[in-house]
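Enquirer: here's my sequence, what's the structure:
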Amino acid sequence: MSRKRQTRRGNSMVEFTMVGIPLIFILISTFEMARGMFLYHTLAHAVKAGTRYSVVHGQNCAILPNACTVSISQIATIIQANGGGLPGDTLTLTFTPPSGSATTCTLADCIANYTTGYWPPAGANAPQSKLKISGTYPFNSVIAMFWPGAARVNRLKTVNLSADSRENIQF
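Expert: Modelled structure (predicted):
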């Protein structure tokens, strides 16, 4: 074996370590950022669908022979149907009518506990009144432990993804 070959032994392992580890980190980071963007887009779409559903069920839906008023449970069911991949126990929804008193609940609680009572409530459901529905989802990311300011290495960081939608009641 030549002397030149003996001095180069182990170079490829060192080079792979110097290039491979950051490359693997970048690959994992790319997937985590894509997952976060997917969840945010899904949340925004679901909240928008719930708002669109509720603005067409305003004051004139309660006048006979119409019977198209809706409850928070029905709106939350629409949000759940449009938000595939968002777990119902951690997604927090806030329903704010024009009169101001907001209702906040997790998606699962909204579906189970708000089956009666109309939303938007009477007196706050006139045409052209502004409704607002907000959603907040805590996104836990593995790469967040490497972000600047992370407290401990063994703890996941939570980033709250939030989306809201505001529209006028149509009729």
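Enquirer: in this protein, where's the longest helix?
Expert: If you go by DSSP state H, the chain has its longest helix at helix 11-55.
Enquirer: which other helices and strands contact that one?
Expert: Secondary-structure packing of helix 11-55 (3 or more CB pairs under 8 Å, 6 or more residues apart in numbering; DSSP states H and E): helix 72-82, strand 130-141, strand 157-168. Placement of C-beta: from N, CA and C, glycine included.
Enquirer: other SSEs contacting the shortest one?
Expert: I take that to be helix 72-82. helix 11-55, strand 92-96, strand 103-106, helix 107-113, strand 130-141.
Enquirer: the ones you listed into JSON lines, with extra columns for mean neighbour count?
Expert: Listed next are the helices and strands packed on helix 72-82 as JSON lines, based on neighbours: other CB atoms under 10 Å:
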{"stretch": "helix 11-55", "mean neighbour count": "14"}
{"stretch": "strand 92-96", "mean neighbour count": "20"}
{"stretch": "strand 103-106", "mean neighbour count": "16"}
{"stretch": "helix 107-113", "mean neighbour count": "18"}
{"stretch": "strand 130-141", "mean neighbour count": "18"}
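Enquirer: so which of the ones you listed comes closest to residue 75?
Expert: helix 11-55 (4.9 Å; CB to CB).
Enquirer: could you tell me the angle between that closest one and helix 72-82?
Expert: Computed by axes from the mean of the first three to the mean of the last three CA atoms, to 10 degrees, the angle separating helix 11-55 from helix 72-82 equals 140 degrees.
Enquirer: which residues touch the spatially most central residue of the chain?
Expert: Of all residues in the chain, the one closest to the mean position by CA atoms, centre = their mean is residue 43, 3.6 Å from it. Contacts for residue 43 (CB atoms under 8 Å, 6 or more residues apart in numbering) come out as 83, 86, 91, 135, 137, 161-163.
Enquirer: which residues of this structure score low on pLDDT?
Expert: Across the chain, the ranges flagged by pLDDT under 70 are 1-9, 62, 144-156.
Enquirer: returning to what we had before: buried only: go through the contacts of residue 43 for me.
Expert: Buried members of the contacts of residue 43, scored by 16 or more other CB atoms under 10 Å, are 83, 86, 91, 135, 137, 161, 163.
Enquirer: among those residues, which pair sits farthest apart?
Expert: For the buried ones among the contacts of residue 43, and using CB to CB, no pair is farther apart than 83 and 161, which are 11.7 Å apart.
Enquirer: quick one: residue 15 from residue 26, how far?
Expert: Between residue 15 and residue 26 the distance is 17 Å, computed by CB to CB, to the nearest Å.
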